[in-house]
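J.: Model the structure of this input:
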Amino acid sequence: MWFIVFGAILTFTVLYFQRRQNLERKKLNREIEDLKKKWEVATQNLRIEEGELETVMSAISDAILAIDKEGRPIFFNSKFELVFGQGRLPRFLRVQEIFGDPKILEAFELALREGKSSSNHSFKFKSELGDERYFNLSVSPLSRSGLVIYGALGNFHDVTELKTAEQMRIDFVANVSHELRTPLTSIKGYTETLLDDFQKDPLSLKEPSTQEFLGKISRNADRLMNLVGDLLDLSSIESNEVFYKEWVSTEIIMTRVCRSMEEKFKTKKQILTWNCNQKEVLADPNRLEQVLVNLIDNAHKYTPEGGHISVSWEREDQEVVLKIKDTGVGISVEHHSRLFERFYRVDKARSREQGGTGLGLSIVKHILQKHEGSVSVESALQKGSTFICRFPTPLIKS
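T.: Okay, the predicted model is just below:
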């Protein structure tokens, strides 16, 4: 009898522990499943945060590089990879292999070794393609809890445009000073000579040399007036001046411009021809006339006697294209990119002999930009030049 009781107790005990074990196993499985779900949610959130961070870092205009204590990249944004790796920067490269400039390496070393931030490290970087860019570098240490330094973060701010603008400002001031000094020196010299002669002999004003001096003073005064006028004109165009566009007859405006310049072409026995396959253009009439006068006068100056200058108006899709072609001395290719800068001269000595303010082509460029168009040049030495202006113009009048 007791065997039966003992067997029942044993069976009950086994079943009890099996049930308890199953309950604990289910509970453990639920906890594992909960942990798995939490881990998946945390991983997903982390991926989202990483994606958001990468998007933000990629949108930053500055190049960003974070390195560990060994100098290996922890992170760099797409801007950094594009600028310093031409879009293919291996992640195993150390900072010493990316940069050879000791200023950059010293800035990172200072942050890693002493935990000190530094900024305003200026340097020039030349890519494999030969492009030169200027940067200001700021470096800060990366630390855990503000104690253990595990890396450094570098912010590379591109200041190339500022450098270019500063150089343009310096060149502009230098060129303006030179352009003003030349006629002023002539005016001052001839005026002093006239005054000296007049003090010695009041009747000297009737001398032929006096008339010659007065003529030179007048011409240099006109040159100064033209220079100041072009400077003011350029300033006005670059500011918020509103251009009032209307449909302009290309034939009418060409007739007016050519008549005003007729004597100049007769003097050098040059031939000016034009055709207007496109009858109208949408533009500010006053500024359009200024473009024509500047470009045709430029062609006249640099085309020898007996040369030919042709002007054409054509339609290309949604643009009206103006071309001024000459048989002049031509322009070497290396000058094309800078030709429309203020006061830029291909041959300074020859340009000053020809007169002009050195601002004509720059004015043309800014007028075309205000029309949302463009101006370019096709030329080679001794093969003449063709200036091409593009005016956005719809096919149908609004």
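J.: Pull out the buried residues from stretch 250-257.
T.: 250, 253-254, 257 (16 or more other CB atoms under 10 Å). No exception for glycine: its C-beta is placed from N, CA and C like everyone else's.
J.: Output the residues you listed in CSV; the columns should cover distance to Gln96, pLDDT and secondary structure.
T.: Shown next, in CSV, are the buried residues of stretch 250-257 (distance: CB to CB, whole Å; pLDDT from 0 to 100; DSSP: H, G, I helix; E, B strand; the rest coil):
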residue, distance to Gln96, pLDDT, secondary structure
Thr250, 62, 95, helix
Ile253, 63, 95, helix
Met254, 64, 94, helix
Val257, 63, 93, helix
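J.: can you pull out the strands in the stretch 101-250 of the chain?
T.: Assigned by DSSP state E, counting those that start in this stretch, the strands in the stretch 101-250 of the chain fall at 118-126, 132-144, 148-158, 246-249.
J.: out of those, which comes closest to Gly71?
T.: With CB to CB as the criterion, Gly71 lies closest to strand 148-158 of the strands of the stretch 101-250 of the chain, at 9.1 Å.
J.: in its sheet, what does the closest one sit against?
T.: Taking DSSP bridges as the criterion, strand 148-158 forms sheet pairs with strand 63-68 (antiparallel), strand 132-144 (antiparallel).
J.: ok, and which of the ones you listed has the densest surroundings?
T.: Across the strands paired with strand 148-158, averaging neighbours per residue (mean count of other CB atoms under 10 Å) puts strand 63-68 on top, at a mean of 20.
J.: Quick one: work out the angle between it and strand 118-126.
T.: 110 degrees (axes from the mean of the first three to the mean of the last three CA atoms, to 10 degrees).
J.: Contacts made by strand 63-68 with the rest, please.
T.: 57, 73-77, 79-80, 83-84, 94-95, 108, 112, 135, 142, 150-156, 158 (CB atoms under 8 Å, 6 or more residues apart in numbering).
J.: Averaged over its residues, which helix or strand of the protein has the lowest pLDDT?
T.: helix 348-354 (a mean of 52; mean pLDDT, DSSP states H and E).
J.: Mean pLDDT and distance to Gly189 added to the strands paired with strand 148-158, as TSV?
T.: What follows is those, written out as TSV (pLDDT from 0 to 100; distance: least, CB to CB, whole Å):
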stretch	mean pLDDT	distance to Gly189
strand 63-68	89	55
strand 132-144	89	43
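J.: And the pLDDT for Met1?
T.: pLDDT for Met1: 60.
J.: before we move on, what about His300?
T.: 92.
J.: could I get the strands of the stretch 101-250 of the chain as CSV with distance to Leu272?
T.: Shown next, in CSV, are the strands of the stretch 101-250 of the chain (distance: least, CB to CB, whole Å):
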stretch, distance to Leu272
strand 118-126, 46
strand 132-144, 43
strand 148-158, 47
strand 246-249, 19
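J.: which one of those strands lies closest to Asp171?
T.: strand 132-144 (16.6 Å).
J.: And the closest one, how far out from the chain middle?
T.: Centroid separation between strand 132-144 and its chain, computed with CA atoms, centre = their mean, to the nearest Å, is 24 Å.
J.: contacts for that strand?
T.: Strand 132-144 is contacted by residues 63, 66, 74, 83, 103-104, 107-108, 110-112, 115-127, 149-160, 162-163 when judged by CB under 8 Å, 6+ apart.
J.: If we use 6 Å, what do you get?
T.: Strand 132-144 has contacts (CB atoms under 6 Å, 6 or more residues apart in numbering) with 107-108, 111, 115, 117-126, 149-160, 163.
J.: Give me the buried entries from those.
T.: Among the contacts of strand 132-144, the ones that count as buried by 16+ other CB under 10 Å are 107-108, 111, 115, 118, 121, 123, 125, 149, 151-158, 163.
J.: hang on, isn't Arg390 packed against Ser376?
T.: No: with contact defined as CB atoms under 6 Å, Arg390 does not count as touching Ser376 (8.2 Å).
J.: Compare those two and say which is more crowded by neighbours.
T.: Arg390 (18 against 14; other CB atoms under 10 Å).
J.: quick one: which helix or strand includes the more buried one?
T.: Counting by DSSP states H and E, the element that carries Arg390 is strand 385-392.
J.: Mind giving me the packing neighbours of that strand?
T.: Under the contact definition 3 or more CB pairs under 6 Å, 6 or more residues apart in numbering; DSSP states H and E, strand 385-392 sits against strand 319-326, strand 374-379.
J.: Any chance of the ones you listed in CSV with mean pLDDT as columns?
T.: Below are the helices and strands packed on strand 385-392 laid out as CSV (pLDDT from 0 to 100):
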stretch, mean pLDDT
strand 319-326, 95
strand 374-379, 93
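J.: In terms of residue numbering, what are the domains of this structure?
T.: Residue ranges for the domains of the chain, per automatic domain parsing: 60-158, 165-241, 242-398.
J.: so Leu89, which of the three states?
T.: Under DSSP: H, G, I helix; E, B strand; the rest coil, Leu89 falls in the coil class.
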